[in-house]
Structures are given as structure tokens and as C-alpha cells.
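# with the input below, show me the fold.
(one chain, ligands or ions: 2)
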Amino acid sequence: MCSERNLQTGSRRGKLIIISGFSGVGKGTLMKELQATYPGQYALSVSVTTRSPRAGETDGISYHFKTQEEFDRLIKEDYFVEYARYTGKSYGTPKPFVEENLAAGRNVILEIELQGALIVREKYPDAKLVFITTKDAKTLVQRLTGRGTETEEVIRKRLARAVEEANGVEQYHHIIVNDELSAAVKELHEVIQTENGSRISEAELALITDIQSDLKERLSI
Ligand code: ADP
Ligand code: 5GP
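Residues are numbered from 1 along each chain as shown. Ligands and ions are numbered 1, 2, ... in the order given. Next up, the predicted model:
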């Protein structure tokens, strides 16, 4: 991974880790638990978004919530490492946070969708890409609807987006099934710590294809 050293301080640059996965799979929950289990070991980037805050979300902690006009201004100011549209809203990764933390030797985590992940991989070829999934489509739908934060229409759009995102899963280095939370947190930590390159297996690919087919059936698409 990143063995480049800071010329002034001689310190090692941090690793860049990208976490993606279908909406409702438990990415946010995993990120919170990873930080609680391994305190101080990960710098989690807080993205900018134009979507509305959900109940319980705090500006500056969950996201930096902005208007589309403010977001567009940040694009012009070259503030983002990457930005993308997701079900009608904009999301972007702040460049200063990523650069400052990597330079300080901290491992930086970006929890972002596929398009953004591919842009970041171009810019940071050493980035490790991890895809989170549930064990099946039923669990995904239950978690997404059970969260109770989106309307039926938005849930449908998010599941349709999951069907598209499943096609990009081969771009990732690792797949983690978020079944039992503490086991998934431990696996994620180990995957990040290991220096070995990795490719996803045929069985893991088949799991994603199964989920994709099941979602298509449920959505009649
Ligand atoms: P995402 O950030 O991927 O959209 P969330 O972290 O909001 O997903 O999780 C969606 C729902 O699933 C939440 O209600 C959360 O409590 C629940 N959840 C997350 N991980 C697990 C797990 N391992 N087992 C059971 N429920 C989970
Ligand atoms: P949510 O609205 O559920 O918080 O996020 C929707 C999707 O946007 C998720 O797939 C999440 O990973 C992704 N996302 C969050 N922040 C960013 C970002 O800065 N850039 C990109 N490209 N995607 C993001």
C-alpha cells in the first residue's frame, strides 16, 4: 500500500480505504462500530451532500448539509476529490480532509458510492476498495425499510440503484458480508490492515449476482 514518505517529517502516509455497498446494507452502522472498536485508528471523511438530514443526523458529523448552489460553488473551487449524483442528490468528498490526514499518516476511510470510488481509485491507485453486502436481498430490503428514514418511492430508487451498482462490484478488492455486526467490523479491520493485494472470489461474485436478480424480481425490472 502507500509506502510513500513525507519528505519533511519522514512519516509514512496513511492508507486510503473506500467503503461502498447497497443502501441499507449497514455501512454507516459499520463505520460507527469500527471507530468505537478501534478508537483513533481511522479518520472517517465527512462528505458534503445536498440531501436532507435524517432524524438523528447532525450537520458536520453525519454530513455537511448544503444547498445545490453551495455544492456547485464548492465544485468550482475544486474542493472535492470526487463528487457524484445519487438518486437525485449530490455527494462529494472534501479534498483538504483527505490530503491532510493521509499526509499525517492516518488511515482515511471514504464511505462513497461506485462512481466516486472509481474516480478516487484513478487519483489514488493504492486505495483499497471494499464492498459491503448483506447475505441476501431479503435482509437488505428489511434493513432499508426497517430503518424507516425514506419514503417508499425513495426506497425503490435506492434498490434500483443497487441493481446497477451490482455490475461494478468486480472493481473492488474485497467483499464483506455484514451479517453479525461485530464479526463484520473485525473482518473489515483485518482487511484494511493486511498489506496483501486481493481479488474477490467467484463465490462472492455469485452472491452479488443472486442479490441483483432477486432485487430485479422484487422491483419487476
Ligand atoms: P447504510 O449506511 O448502508 O445505508 P445503515 O447503517 O443505515 O445502512 O443500516 C441500515 C439499517 O440496518 C439500520 O437500521 C441498522 O441499524 C441496521 N443494521 C446495520 N447493520 C446491521 C447488522 N449487522 N445486523 C442487523 N441490523 C443491522
Ligand atoms: P445516504 O444518502 O444513504 O447517506 O448515501 C447515499 C449514497 O451516497 C451511499 O452509497 C453513500 O456511500 C454515498 N456517498 C456518501 N457520501 C459520498 C461522497 O462524498 N461521494 C460519493 N460519490 N458518494 C457518497
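# tell me if stretch 133-152 is near ligand 2.
No: counting by C-beta under 6 Å from any ligand atom, ligand 2 is not contacted by stretch 133-152; separation bottoms out at 8.4 Å. Where you see a C-beta, it was placed from the backbone N, CA and C, and this is true even at glycine.
# how about stretch 165-185?
No: Stretch 165-185 does not reach ligand 2 (C-beta under 6 Å from any ligand atom); its nearest approach is 7.9 Å.
# near ligand 1, anything from that stretch?
Yes: using C-beta under 6 Å from any ligand atom, stretch 165-185 reaches ligand 1 at 178, 181.
# quick check: phi and psi on the residue in the chain that ligand 2 sits nearest to?
Per C-beta to the nearest ligand atom, residue 116 is where the chain lies closest to ligand 2, at 2.3 Å. In terms of degrees, to the nearest 10, the main-chain angles of residue 116 are phi -60, psi -40.
# do the same with residue 84
Torsion angles, degrees, to the nearest 10, at residue 84: phi -150, psi 160.
# from residue 137, how far out is it?
24 Å (C-beta to C-beta, to the nearest Å).
# between these two, which is the more surrounded one?
It is residue 137, of residue 84 and residue 137, that has more neighbours when counted by other C-beta atoms under 10 Å, with 22 against 18.
# show the pLDDT at the nearest residue to that one once chain neighbours are set aside.
With C-beta to C-beta, 6 or more residues apart in numbering as the criterion, residue 137 has its nearest non-adjacent residue at 3.6 Å, and that residue is residue 214. Looking at residue 214, its pLDDT reads 98.
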